[in-house]
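Engineer: Here is a sequence with its predicted model. Questions after.
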Amino acid sequence: MTTIPEQPADLEAVRQVLEANVMVDQVRLARPTGTPVLDPDTGLVGPTPTSTVWEGSGAVLSAHGLAAVEHLVGGRWLEDTASWYGLVTPLSAPLPQRGDLVTIAAAKSPTAGTVGRTWQALDPGEASTVAVARITRLDEVVTP
């Protein structure tokens, strides 16, 4: 049975906790701007040209990491996700679009394992009447 808290949640305090303790990496959001070019010598398709849309504080969290944040904010803040990764950015960040590419330019933790990896936005960033952060579902882009 779900209990209703006696006082409403302080959304500003939750936002501040997330920005200070979760969104600690430098995130780059890039949008594809063209078509990849075929390399005639190798027969391989090159990278898709992109343009950086935004760079700032954020986090890429696994589904386990997203669940762990529940303890930090003191309650359930996301529903279960089929996606393994989620991008968490401040409300001031632009809404990612489907197909945008996310990279971690710098990670606060040397053991994060996120620098140099790329994820693709599966859907536009979530919108909500009551929000404390932007959440975007991601899928990792695996390059040969």
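Structural biologist: Nice, I can see it. The shown structure was predicted, so the numbers you read here are calculated from the model rather than taken from an experiment. Numbering: from 1, shown residues only.

Engineer: how much space between the residue of the chain most remote from its centre and Thr118?
Structural biologist: Using CA atoms, centre = their mean, the residue of the chain lying farthest from its centre is Asp41. It sits 36.1 Å away. Taking CB to CB, to the nearest Å as the measure, Asp41 falls 24 Å from Thr118. C-beta: built from backbone N, CA, C; applies to glycine.

Engineer: cool, Ser51 as well?
Structural biologist: 15 Å.

Engineer: Settle it for me: which of these two has more neighbours?
Structural biologist: Legend: neighbour count by other CB atoms under 10 Å for Ser51 and Thr118, higher for Thr118 (16 against 9).

Engineer: confidence score at that one?
Structural biologist: Note on Thr118: pLDDT of 92.

Engineer: Please apply the same query to Ala9.
Structural biologist: 78.

Engineer: Quickly find the element holding the residue farthest from the centre of the chain.
Structural biologist: Assigned by DSSP states H and E, Asp41 falls within no helix or strand.
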